[in-house]
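1. Please find the sequence and the predicted model below.
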Amino acid sequence: MRSGEELDGFEGEASSTSMISGASSPYQPTTEPVSQRRGLAGLRCDPDYLRGAFGCLKVAQVILALIAFICIETIMECSPCEGLYFFEFVSCSAFVVTGVLLIMFSLNLHMRIPQINWNLTDLVNTGLSTFFFFIASIVLAALNHKTGAEIAAVIFGFLATAAHAVSAFLAAQKWRVSLRQQSASDYIRARTESRDVDSRPEIQRLDT
């Protein structure tokens, strides 16, 4: 029979051994939030964005580009066809790219990719879409304006141009504001670091 002290000693060694093995075990309980591990399951639509100016304009751009593309696809015969093909490419590209951005912004997916400057991305997309939609609509109106589908495509092309132009103007203003905020934060950070260096004379002595 072992004494009570020996049993207590064995129990202490067992508990310490289990603590050490638990600390060294690679299977540790994670403290990662559940919302970060769910991936796409935690996606939610942002109604504030859709009700705002940028969201409404994005929805209008997607709808107008889609209608313009459908109108141009209903044309069976064309002569010449270069303007029609160019308008088809512009309307389809604007619909796809703007639709992707609408999904990214409305579901807040852009917040998960902070490495991309989304304000600048939106500005570039709306600026290019405005330019190419305007050129494509003018070319289509000059070369192909005989059927009702061609005329409807031209009308919706100019409407899409206007929607993208307004969005580009707002995106440019938002991008400028973000640049000013970034420069202000960089200035405050630089001043803070310089004050920290001035308040530490030992750093100055090491530098000299």
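-> Done, it's in. Numbering: from 1, shown residues only.
2. Mind pulling up the pLDDT for residue 73?
-> What the model reports for residue 73 is a pLDDT of 93.
3. for stretch 142-155, how far is the first residue from the last?
-> End-to-end distance for stretch 142-155: 13 Å, by Cα to Cα, to the nearest Å.
4. Tell me where the model's unsure across this structure.
-> 1-42, 183-187, 189-208 (pLDDT under 70).
5. So which residues of it form helices?
-> 4-24, 34-37, 47-51, 53-73, 82-106, 118-143, 148-198, 201-207 (DSSP state H).
6. And the third one, what's buried?
-> Same thing as helix 47-51. residue 49 (16 or more other Cβ atoms under 10 Å). In this view, the C-beta of every residue, glycine as well, is placed from N, C-alpha and C.
7. other SSEs contacting it?
-> Judged by 3 or more Cβ pairs under 8 Å, 6 or more residues apart in numbering; DSSP states H and E, helix 47-51 is in contact with helix 53-73, helix 82-106.
8. same thing but 7 Å
-> If you count contacts as 3 or more Cβ pairs under 7 Å, 6 or more residues apart in numbering; DSSP states H and E, helix 47-51 packs onto helix 82-106.
9. Could you check the angle the helix it packs on makes with helix 148-198?
-> Inter-element angle recorded for helix 82-106 and helix 148-198: 40 degrees (by axes from the mean of the first three to the mean of the last three Cα atoms, to 10 degrees).
10. got the contact list for helix 82-106?
-> For helix 82-106, the external contacting residues (Cβ atoms under 7 Å, 6 or more residues apart in numbering) are 45-46, 49-50, 55, 58-59, 61-62, 65-66, 68-69, 72, 75, 78, 110, 122, 125, 129, 132-133, 136, 139-140, 143-144, 153, 157, 160.
11. What residues sit buried inside it?
-> Buried-residue list, helix 82-106, by 16+ other Cβ under 10 Å: 83-84, 86-88, 90-95, 97-99, 101-102, 104-106.
12. How many neighbouring residues does residue 153 have?
-> 30 (other Cβ atoms under 10 Å).
13. So it versus residue 105, what's the distance?
-> 27 Å (Cβ to Cβ, to the nearest Å).
14. you'd agree residue 74 is up against residue 148?
-> No. Taking Cβ atoms under 7 Å as the definition, residue 74 is not a contact partner of residue 148, at 9.4 Å.
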